[in-house]
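> One predicted model, sequence on top.
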2 protein chains.
Amino acid sequence: MKQRSKAGHRTPIREQQRLDPSEREAIIAREAVTFFAEYGFEGQTRELAKRLHITQPLLYRYFPSKEALIERVYQDVFVERWKPSWEKIITDRSVPLKARLVRFYREYAAVILTYEWIRLFMFAGLKDLGLNARYLKMLRERAFEKVIEEIRVEYGRPSTGELPVTDLEIEMVWGLHAAIFYLGVRQFIYSMPLETDVNSIIDAKIATFLNGFRSVLPAKG
Amino acid sequence: MKQRSKAGHRTPIREQQRLDPSEREAIIAREAVTFFAEYGFEGQTRELAKRLHITQPLLYRYFPSKEALIERVYQDVFVERWKPSWEKIITDRSVPLKARLVRFYREYAAVILTYEWIRLFMFAGLKDLGLNARYLKMLRERAFEKVIEEIRVEYGRPSTGELPVTDLEIEMVWGLHAAIFYLGVRQFIYSMPLETDVNSIIDAKIATFLNGFRSVLPAKG
DNA sequence: CCGATAATTGATCGATCGATAAATAACGAT
DNA sequence: ATCGTTATTTATCGATCGATCAATTATCGG
């Protein structure tokens, strides 16, 4: 009782049937991102195949196992979406510090405050795997510590090379990160629409962040 | 190949066997909390039974379905652990405002910053169900709006009865809540131990929160 | 138009899940 | 002691899961 074409005869309607392997693989990976973001990693491969209008065994021609497909999702979302240019934005001292932070956090927020990113990151964390710890370690090294260094320089304090980042300083940065991340949690996990513009909130948070940071800065060297 | 008693003969060791239904039910519910917090709601009933040293069908004598058991977990964690005294703490004007907030948020944090609470709340959110939205609606009415009202009074502004809570004000409270909640996420979802004392962080957050709140207060009435 | 290649499907396996019913055995009352 | 109640276990069902393999058919070069 198939209905490949409407009236039994061949229809001119283009129903793409056989695709190039590379194209099919990309389509599967793309759909897997939104699928696992919605249902979690226990989402069934049959359901994913249904969304793709293909049969479930076809998935296994392109990915050796469900776990391999999930790894691909991790790669596409958490690795590929990281912009190396962010690190340049933070350290570009031809731009005023506050403007740099605003630009970085706005761009970063635009990437992570999506249905896929937030939910997949949370699903991964609850499943453990250490993926989150690895990602946040990178985030700390490539972004957070640079932010602290730039603030130190701005206020004429010793470099993080001389005096390592303090617990209080890193905690301040975590607090800012928490505020932004939580906007995504409210939207995409709690299903509570935000009543205020995200960029406005970010700007305000950065302002109070910079203000509060002065009280945790190490003494002048 | 059972080993009910060590050497085949009846041992004097007290191996509680038959329990009062009320007691057994309580034990099951208690273990279900930590079990589902660890594995999520897709955790298998057979695994839960193994932890309880009982057989899986016994669970169905006390709970008609797995879903009913999960509902019980929600009740025990998100409803039973709410302390009505918190609302009194916030509104007790014989105590200075800042001291009230510190006390409330410390006590509240002590309840929600646990492995069970944080993870179950997140699992529930990802599964939807509307539980989170319901809980946060209650949190907003019973706590957040009271906090705002007290700050309004402190600074001689119109009551929330006259002038409803503004988006900016509620956003400030969300920010404070986010900072505290995220401490739990870091610990119990990302498995990243905190390097700073929680109460110290809360105190600091409240200080900057109160400071920042003045800039979003409505004009004097 | 034809034949080879391979993308896709149909059929199915083995394990695992929530749930049910009947059998067993622990405990209190008499 | 023994008898009835019922907490608990044993056995099992039906559905569903990830995964495998052989059959099918769309597509392209000649």
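Everything's here; your move.
> for chain A, which helix is longest?
Assignment by DSSP state H gives helix A:167-188 as the longest helix of chain A.
> Could I get the contacting residues of the residue minimising distance to the centre of chain A?
For chain A, the residue nearest the mean C-alpha position is residue A:112 (3.6 Å; C-alpha atoms, centre = their mean). With contact taken as C-beta atoms under 8 Å, 6 or more residues apart in numbering or on different chains, residue A:112 is in contact with A:118, A:121, A:180, A:181, A:184. C-betas here are computed from N, CA, C, even on glycine.
> ok, now with 10 Å
A:77, A:78, A:81, A:82, A:118, A:121, A:139, A:177, A:180, A:181, A:183, A:184 (C-beta atoms under 10 Å, 6 or more residues apart in numbering or on different chains).
> got the contact list for the first one?
In other words, residue A:77. A:33, A:36, A:37, A:111, A:112, A:114, A:116, A:117, A:120, A:121, A:124.
> Out of the residues you listed, which two sit at the greatest distance?
The distance between the two most remote of the contacts of residue A:77 (C-beta to C-beta) is 18.0 Å, for A:36 and A:111.
> just to revisit the earlier point, got the angle for the longest helix of chain A vs helix B:167-188?
Angle, helix A:167-188 to helix B:167-188, by axes from the mean of the first three to the mean of the last three C-alpha atoms, to 10 degrees: 110 degrees.
> could you give me the average pLDDT of helix A:167-188?
The average pLDDT for helix A:167-188 rounds to 95.
> Which helix or strand lies directly C-terminal to that helix?
Per DSSP states H and E, the first helix or strand lying C-terminal to helix A:167-188 is helix A:198-213.
> Ramachandran coordinates for residue A:162?
phi -80, psi -50 (degrees, to the nearest 10).
> separation between it and chain B?
Between residue A:162 and chain B the computed distance is 20 Å (C-beta to the nearest C-beta, to the nearest Å).
> Within range of DNA strand C, give me the residues from chain A.
A:2, A:17-21, A:24, A:53-58, A:61 (C-beta under 7 Å from any atom of the strand).
> rewinding a little: could you check the angle the longest helix of chain A makes with helix A:198-213?
Using the same axes, to 10 degrees: helix A:167-188 against helix A:198-213 is 160 degrees.
> Sort out which residues of helix A:167-188 are buried, please.
Applying a neighbour-count criterion of 16 or more other C-beta atoms under 10 Å in any protein chain shown, one finds A:168-188 buried in helix A:167-188.
> is it up against chain B anywhere?
Yes - using C-beta under 10 Å from any C-beta of the partner chain, helix A:167-188 reaches chain B at A:167-168, A:170-172, A:174-183, A:185-186, A:188.
> How is chain A divided into domains?
Chain A breaks down into these domains under automatic domain parsing: A:21-77, A:81-213.
> which stretches of chain A have low pLDDT?
Chain A contains residues with pLDDT under 70 at A:1-16, A:221.
> How about the contacts made by residue A:20?
So residue A:20 contacts residue A:26 (C-beta under 10 Å, 6+ apart).
> Quick check: which of the residues of helix A:167-188 next to chain B are also close to DNA strand D?
Applying C-beta under 7 Å from any atom of the strand, the subset of the residues of helix A:167-188 next to chain B adjacent to DNA strand D is empty.
> so what's residue A:180 closest to, chain neighbours aside?
Take residue A:180 and drop its neighbours on the chain: the residue closest to it by C-beta to C-beta, 6 or more residues apart in numbering or on different chains is residue A:109, 5.3 Å away.
> residues in contact with residue A:74?
Listed by C-beta under 10 Å, 6+ apart, the contact partners of residue A:74 are A:33, A:36, A:80, A:120, A:121, A:124, A:129, A:131, A:135.
> which of the residues you listed sit farthest apart?
A:80 and A:129, at 18.1 Å, using C-beta to C-beta across the contacts of residue A:74.
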